[in-house]
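[1] Generate a structure from the sequence data that follows.
(chains A, B and C)
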Amino acid sequence: MTTIKDIEPLRNEYIPENIFDRKTESEQLEQALEAAQNVHVHGPRGTGKTLIVKKQLENLGTNTCYISCQKQDTQYKVLRKAVNELTSKTVGSGHHTSELQRILKNQIDVVETTIVLDDLDFLLLNDGDDLLYFLSRLEADLGLILVTANAEDLSEQVEERTFSTLQPQRIGFEPYTGEEIYEVLADRARKSLKPKSLRREALTYIASSTQNLTLALTWLRTAAQTAENVITETLTKQIRQEACQAFIDEKLQTLSQHHRLLYQAIEELNDEQETIQTGTVYNRYKQLCQAYNKDSLSNRRISDFLKHLEQFNLISSDYHYGGKNGKTREITL
DNA sequence: CATCCACCGGAAATGTTGGGAC
DNA sequence: GTCCCAACATTTCCGGTGGATG
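    Sure, this is the predicted structure:
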């Protein structure tokens, strides 16, 4: 016995035919693109940025290219991906960045193009704004959609001259309200679940518990997979932890094993003590590496990895220098 | 007020991988 | 193969940082 008719609409990657929420933002985006303006889309995680942007791409008359900077976190990788997607050429590694720049430029000169850089935070953090500078210098029909979850004001992260050339129009995404979450969940549930397999209160409970649509969907999906034949409020309450865990696992999956060990170290310490400092985290991480027979990375490197976890909202940290406290308090979210 | 703690984060150094030309 | 050259991941080095401590 199962409640699921078609799991697809409950997946995070699913792009529905019709999107009835985020109307204002969609229209803003559409207008900006029609006006050949660059756009900076900003908002917390799980507010539908990626979905809206992808949906807009479908309706665009130009050559388009979607790049997630979570994976493509250097100028070279982004260029390579763009070249591979936009042109007939395929390039591997071992080339000059300038060579890829030239290929891309030639392509864009000929065909009107729109490039999305999703999760641009990661690229900026890892590789600076060299790529943006290059893109801003192209005198061609290139539309840029820059998506960030953390960098609220791009002018602070990007060099003055680059920013002033790009002049991106900023479109802000606010967190979903409980009603909006409810609406979306209900819509997805209609498409994916068998009739009468879902209690209204279950949805209400999820919708009132989180503003993050990705988490809400993961939660509903977990519930659907667990339920015997009907998803009740009680069940959704019961599997809350499990759903959160699934949500976290999904995020960690895109990162390296060292990130996962690091996260595990923080989790363990979080159960044991109140405040956690970087040093103790690093020591625990090293122990875990030993237990799993893995070589550990240096603390300098781990410091960067902690930033990655922060970017994903997996941990939050208070930075304070000096005193007898070094730097961080990590709290699982 | 000087000193120290315990880490931050930039920059250079090192090691690894893959590409193209010969 | 071999040589040289990039990109990239990671390490090494080192100059801060500012409240706590004496």
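
[2] Am I right that residue A:170 is in a strand?
    Yes. Under DSSP: H, G, I helix; E, B strand; the rest coil, residue A:170 falls within a strand.

[3] Let me know how buried it is, in neighbour terms.
    Residue crowding around residue A:170 was assessed by other C-beta atoms under 10 Å; the count is 15. Heads up, the C-betas are built off the backbone N, CA and C, glycines and all.

[4] ok, it touching residue A:43?
    No. Using C-beta atoms under 8 Å, residue A:170 makes no contact with residue A:43, being 10.5 Å away.

[5] Helices of the stretch 51-200 of chain A, start to end?
    Under the criterion DSSP state H, counting those that start in this stretch, the stretch 51-200 of chain A contains helices at A:75-86, A:97-110, A:120-127, A:130-137, A:154-157, A:160-166, A:178-192, A:200-209.

[6] Going by neighbour count, list what's buried in stretch A:235-243.
    A:235-236, A:239-240, A:243 (16 or more other C-beta atoms under 10 Å).

[7] And the residues you listed, which is closest to residue A:209?
    residue A:240 (7.6 Å; C-beta to C-beta).

[8] Kindly provide the distance from the closest one to residue A:219.
    Taking C-beta to C-beta, to the nearest Å as the measure, residue A:240 falls 7 Å from residue A:219.

[9] quick one on the thing from earlier: name the stretch among the helices of the stretch 51-200 of chain A that sits most buried.
    helix A:120-127 (a mean of 22; mean count of other C-beta atoms under 10 Å).

[10] hmm, it in reach of DNA strand B?
    No. Using C-beta under 7 Å from any atom of the strand, helix A:120-127 never reaches DNA strand B; the gap is at least 8.8 Å.

[11] quick one: which of the buried residues of stretch A:235-243 sit in helices?
    A:235-236, A:240, A:243 (DSSP state H).

[12] Of those, just say which sits nearest to DNA strand C.
    residue A:243 (30.4 Å; C-beta to the nearest atom of the strand).

[13] Many thanks, I have nothing further to ask.
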